[in-house]
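Q: Structure for this input, please:
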Amino acid sequence: MSNSTEKMEREVEETRARLDRTLDTLQSRLTVPGLAEDLVGTPAPARAMNANAQRLLDTVKENVLPALLIGAGLGLLLYDALRQEAERRRLRVASSESAPDAHLPENRPARTDERLDDALEESFPGSDPVSVRITR
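A: Numbering: from 1, shown residues only. Here you go, the predicted model:
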């Protein structure tokens, strides 16, 4: 029993030592010199972007037809989005230009519904024993 206890204590100490080393490493990297070293050690962003762009161009050259289809699909998506936005803008302008007599009390929506109900009743008198009302 004491062997297993000693073994567990030894494992705990080893784990604690590894954790201390990891924390020390992290702490040293979070200092100004450590951060500068991390930045200098990485490749320049422009070089990395250039390499990625070159890989993209090579892939497009190898797969011309799929690249054209992807480009056409993106173009259609862009065209549709622009067309929908123009339609929304046109409808917004049209709805803001209300009728010149919209402010009159006899043109309020409730009154319009009442007049439509009356017109329907005149068109089809007695067709429904219950009152005819337009439902929304």
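
Q: Quick check: Arg55 vs Glu122, distance?
A: Distance, Arg55 to Glu122, by Cβ to Cβ, to the nearest Å: 75 Å. Using the backbone N, CA and C atoms, a C-beta is placed for each residue, glycine as well.

Q: now swap in Thr31 and tell me
A: Counting by Cβ to Cβ, the gap from Thr31 to Glu122 is 88 Å.

Q: And the pLDDT for Gly34?
A: Looking at Gly34, its pLDDT stands at 67.

Q: Please disregard the earlier target; I meant His103.
A: 73.

Q: for the one 3 residues further on, same thing?
A: Reported pLDDT at Glu106 in the predicted model: 73.

Q: need the contact list for it.
A: The contact partners of Glu106, taken as Cβ atoms under 8 Å, 6 or more residues apart in numbering, number zero.

Q: Lowest-scoring secondary structure element of the chain by mean pLDDT?
A: helix 32-41 (a mean of 66; mean pLDDT, DSSP states H and E).

Q: Quick check: mean pLDDT of the helix or strand just after that one?
A: Counting by DSSP states H and E, the next helix or strand C-terminal to helix 32-41 is helix 45-62. Averaging pLDDT along helix 45-62 yields 82.
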